[in-house]
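S.K.: Turn this into a structure:
(one chain, ligands or ions: 2)
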Amino acid sequence: MAEQTKISVTDVTLRDGMHAVRHQFSVEDVKEIASALDQMGVSHIEATHGDGLGGSSLQYGLGKETEEDFLKAACSVIKNAKPTALLLPGIGTVDDMKRAAEYGIKAIRVATHCTEADISEQHIGEARKMGLETVGFLMMSHMVSPDILVEEAKKMASYGAQTVYIVDSAGAMMMEQVRERISALVGALDSSVEVGFHAHNNLGLSIANSLAAVEEGATRIDCSLAGLGAGAGNTPLEVFAAVTEKRGIRTGLDLYKAMDAADDIVRPKMHRPIQVDRLSLTMGYAGVYSSFLLHAFRAAEMFKVDPRDVLVELGKRKVVGGQEDMIVDVAVELEQKQQALQK
Ligand SMILES: C[C@H](O)CC(=O)C(=O)O
Ligand SMILES: [Mn+2]
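M.R.: Ligands and ions are numbered 1, 2, ... in the order given. Take a look at the predicted model:
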């Protein structure tokens, strides 16, 4: 790694963090968090329902605010960073993206399962035509080989994505897996396409994995204040600011401002501590989509089964984002097995 490597940090407190607060951040919360973030040197501030544009629904959880109010509130206070939204084709539409641009977003991240980049073609193409900075986001990247990820990333780049992310949605990757995936993309994509990395801390590796990604050439890293995010959360921004400074990696982040915002603004708003506990650890261990945490917990409570068994079974079945209805199916099946054993 060259001395004084320069990277940029995208903050996801107001998007991935939404999973951890059941999408209940208010307009006041978004303004307070976004304006603090805007003053600490992040390049992009992502703000949306946890499942992206159009995510507010019974399937994914209803948001406290309308998308319009939420995005307008974020954009009204962001002066330095790029206001950004996430979109999963099939949940969000091109019209949702157009509306988001009218509300003020300047960048869009189009997310697909890691083997389904082809469904991002229309959204990436339209986003570019609208003049939005456009990022491709390959979710659950632990599930396939670096070679497959390269093919999928090349598709996103050919549609117009200016950056492609390896996304460890399940927080299941070891450092070596991060290294081989990031270096494969950096080696295969045109040098004009940036490579990014999005971690979850389910195995306690989010900082180590994010540093490994930078060492392999990733120039865009996702973080969130106090790690607020699905599962055991994302790479904690204030910790990443400290370790990168010690390693001589330039992020432009203001360490004390990040620490203060994490402790004084975000931690008091948490519904539960963001930590590696038996459930989030099981997600990393079993390779389960981090956003399933609260859904699996609720289903397990309802059917009186161990939520870890639900998560392990979901991992075995290789269930991916968008298949939230399978969580209840699995909990019901486990309850029935349990009852049969008791007879
Ligand atoms: C919709 C997901 O929450 C996107 C994401 O952050 C991930 O896959 O991780
Ligand atoms: Mn995530």
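S.K.: Write out the residues of this protein neighbouring ligand 1.
M.R.: Residues of the chain lying near ligand 1 by Cβ under 6 Å from any ligand atom: 16, 50-52, 88, 111, 139, 167, 169, 198, 230, 290-291, 321. For glycine as for every other residue, the C-beta is placed from the backbone atoms N, C-alpha and C.
S.K.: ok, and the most crowded of those?
M.R.: Among the residues of the chain next to ligand 1, the one with the most neighbours (other Cβ atoms under 10 Å) is residue 169, at 32 neighbours.
S.K.: helix/strand/coil for that residue?
M.R.: Using DSSP: H, G, I helix; E, B strand; the rest coil, the structure places residue 169 in coil.
S.K.: ok now do it, which residues does it touch?
M.R.: Counting by Cβ atoms under 8 Å, 6 or more residues apart in numbering, residue 169 touches 139, 140, 141, 142, 198, 200, 289, 290, 291, 321.
S.K.: Tell me which of these fall in strands.
M.R.: Using DSSP state E, the members of these that fall in strands are 139, 198.
S.K.: what's whichever residue of the stretch 101-250 of the chain sits closest to ligand 1 sitting at in phi/psi?
M.R.: Closest to ligand 1 within the stretch 101-250 of the chain is residue 169: 3.2 Å, counting by Cβ to the nearest ligand atom. Note on residue 169: its backbone torsions stand at phi -60, psi -30 [degrees, to the nearest 10].
S.K.: longest helix of this protein?
M.R.: Longest helix of the chain, by residue count under DSSP state H: helix 325-342.
S.K.: Enumerate the positions of that helix that are buried.
M.R.: Buried residues in helix 325-342, counting neighbours by 16 or more other Cβ atoms under 10 Å, are found at 326, 327, 328, 330, 331, 334, 335.
S.K.: Pick out whichever of those sits closest to residue 105.
M.R.: Nearest to residue 105 out of these is residue 327 (Cβ to Cβ; 30.4 Å).
S.K.: Show me the strands in the stretch 1-150 of the chain, by range?
M.R.: 8-14, 44-47, 82-87, 107-113, 133-139 (DSSP state E, counting those that start in this stretch).
S.K.: Now do the helix or strand harbouring residue 282, average pLDDT.
M.R.: Using DSSP states H and E, residue 282 sits within helix 278-286. Looking at helix 278-286 alone, the average pLDDT works out to 96.
S.K.: elements contacting that helix?
M.R.: For helix 278-286, the packing partners by 3 or more Cβ pairs under 8 Å, 6 or more residues apart in numbering; DSSP states H and E come out as helix 293-302, helix 307-316.
S.K.: change it to 6 Å
M.R.: helix 307-316 (3 or more Cβ pairs under 6 Å, 6 or more residues apart in numbering; DSSP states H and E).
S.K.: what angle sits between the helix it packs on and helix 293-302?
M.R.: If you take axes from the mean of the first three to the mean of the last three Cα atoms, to 10 degrees, helix 307-316 sits at 120 degrees to helix 293-302.
S.K.: helices and strands around helix 307-316, which ones?
M.R.: Where contact means 3+ Cβ pairs under 6 Å, 6+ apart, helix 307-316 is packed against helix 278-286, helix 293-302, helix 325-342.
S.K.: Distance to residue 314 added to the ones you listed, as CSV?
M.R.: Putting the helices and strands packed on helix 307-316 into CSV (distance: least, Cβ to Cβ, whole Å) gives the following:
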stretch, distance to residue 314
helix 278-286, 7
helix 293-302, 7
helix 325-342, 6
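S.K.: which one of those helices lies closest to residue 27?
M.R.: helix 293-302 (22.5 Å).
S.K.: Burial check on the residue nearest to residue 21 when sequence neighbours are not counted, number of neighbours?
M.R.: Distances taken as Cβ to Cβ, 6 or more residues apart in numbering put residue 271 closest to residue 21, at 5.3 Å, once the chain neighbours are dropped. By other Cβ under 10 Å, 10 other residues sit near residue 271.
S.K.: where's residue 271 relative to residue 227, distance?
M.R.: To residue 227, residue 271 is 14 Å away according to Cβ to Cβ, to the nearest Å.
S.K.: Residue 29 too?
M.R.: When residue 29 is compared with residue 227 (using Cβ to Cβ), they lie 17 Å apart.
S.K.: okay, these two: which has more neighbours?
M.R.: residue 227 (31 against 21).
S.K.: The more buried one: what's it in contact with?
M.R.: Listed by Cβ atoms under 6 Å, 6 or more residues apart in numbering, the contact partners of residue 227 are 201, 233, 234, 236, 274.
S.K.: Quick check: the gap between the nearest residue to the fourth one once chain neighbours are set aside and residue 12.
M.R.: Just to be clear, that refers to residue 236. Nearest non-adjacent residue to residue 236, counting by Cβ to Cβ, 6+ apart: residue 227, 3.9 Å away. According to Cβ to Cβ, residue 227 and residue 12 sit 10 Å apart.
S.K.: hmm, back to that, residue 94 is nearest to which of the strands of the stretch 1-150 of the chain?
M.R.: Nearest to residue 94 among the strands of the stretch 1-150 of the chain is strand 82-87; the distance by Cβ to Cβ comes to 9.0 Å.
S.K.: tell me the pLDDT at whichever residue of the stretch 201-343 of the chain sits closest to ligand 1?
M.R.: Residue nearest to ligand 1 within the stretch 201-343 of the chain: residue 291 (4.5 Å; Cβ to the nearest ligand atom). For residue 291, the model assigns a pLDDT of 90.
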